[in-house]
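> Fold the stuff below for me.
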Amino acid sequence: KAAIKSEKKVVKLKPKFAEGHLLLAVAYRSTGSLKKALRHAKKSAKLAPKMLPPLMTLAGVYAEQRKLKKALSTLKKAEKIAQGLKRGYETVAAAYTLLGAGKEAVALYKKLIKADAKHPTAHTALSNLYMLMSKPKLAKTHALKARDLQPNSPDPHKVLGLIAAANKDCSGAEKELRKAVQLAPMAHDLRLAL
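Numbering: from 1, shown residues only. I've put the predicted structure just below:
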């Protein structure tokens with residue numbers, strides 16, 4: 001509420017300040033005032049059409065309102081703005097994943113790997129996405145790369161464990177899942193998988 005009050009003052013003083021509208025949208029979104037959040041996210045995106053954060057916030061508000069087509073079309077615009085920016089691709093791809101747009105997410109993560117073959121987040125994300133798409137060979141390939149790039153990350157071990165379990169290799173599954181739990185002892189989903 002304090003943030004809303006403060007950002008309202010900013011917007012009143014500078015009505016064409018995109019960041020003020022963006023921060024007001026984020027504040028409204030955090031309180032559940034989605035109509036007000038949408039109004040300010042739209043305003044911010046209109047004032048700064050070449051900036052990624054307003055579009056990502058707008059897509060998030062649409063998603064929370066269950067307007068998935070609008071959320072996806074907004075992410076398409078964000079993807080164009082993110083051209084060539086690794087962090088931008090990563091952000092948009094993660095949003096696609098959250099919206100269940102697996103094909104779009106895979107395409108962006110592949111672009112990331114093309115730009116940087118040793119991008120651990122992209123390999124980890126692809127291993128998870130391919131697992132969800134029932135493509136265990138591709139999932140394993142990316143999980144192994146991710147594990148090599150980030151030995152202390154539990155995610156690749158989780159995927160490798162699930163692949164082993166799907167292949168009825170219980171000891172292999174247990175070994176990988178125990179390693180994942182060891183790396184993230186507070187992750188209840190890993191303990192449940194084990």
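> What are the buried residues along the helix or strand where Asp189 lies?
For Asp189, the host element (DSSP states H and E) is helix 188-193. The neighbour-count criterion (16 or more other CB atoms under 10 Å) identifies 190, 193 as the buried residues of helix 188-193. The C-beta positions use only the backbone N, C-alpha and C, and glycine is treated the same way.
> Quick one: list the elements packing against it.
Helix 188-193 sits against helix 154-166, helix 170-183, with contacts defined as 3 or more CB pairs under 8 Å, 6 or more residues apart in numbering; DSSP states H and E.
> if you set the cut-off to 6 Å instead, what comes out?
Other elements packing on helix 188-193 under the criterion 3 or more CB pairs under 6 Å, 6 or more residues apart in numbering; DSSP states H and E are helix 170-183.
> which residues touch the helix it packs on?
Residues outside helix 170-183 that contact it (CB atoms under 6 Å, 6 or more residues apart in numbering): 152, 154, 157-158, 160-161, 164-165, 190-191, 193-194.
> residues making contact with stretch 96-109?
The set of residues external to stretch 96-109 that reach it, using CB under 6 Å, 6+ apart, is 63, 71-72, 89, 93, 122, 125-126, 129.
> Any chance of a ChimeraX selection covering the buried ones in those residues?
Restricted to buried positions by 16+ other CB under 10 Å, the ChimeraX selection for the contacts of stretch 96-109 reads:
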select :63,71,72,89,93,122,125,126,129
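> Could you dump the contacts of stretch 96-109 into a markdown table with distance to Ala82, secondary structure and pLDDT added?
Listed next are the contacts of stretch 96-109 as a markdown table, based on distance: CB to CB, whole Å; DSSP: H, G, I helix; E, B strand; the rest coil; pLDDT from 0 to 100:
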| residue | distance to Ala82 | secondary structure | pLDDT |
| --- | --- | --- | --- |
| Ala63 | 18 | helix | 93 |
| Ala71 | 16 | helix | 95 |
| Leu72 | 15 | helix | 95 |
| Tyr89 | 5 | helix | 91 |
| Ala93 | 9 | helix | 94 |
| Ala122 | 14 | helix | 95 |
| Ala125 | 15 | helix | 95 |
| Leu126 | 18 | helix | 96 |
| Leu129 | 18 | helix | 95 |
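> I'd like the contacts of stretch 96-109 written out as CSV, with distance to Pro136 added.
Below are the contacts of stretch 96-109 laid out as CSV (distance: CB to CB, whole Å):
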residue, distance to Pro136
Ala63, 29
Ala71, 30
Leu72, 27
Tyr89, 25
Ala93, 21
Ala122, 19
Ala125, 16
Leu126, 13
Leu129, 12
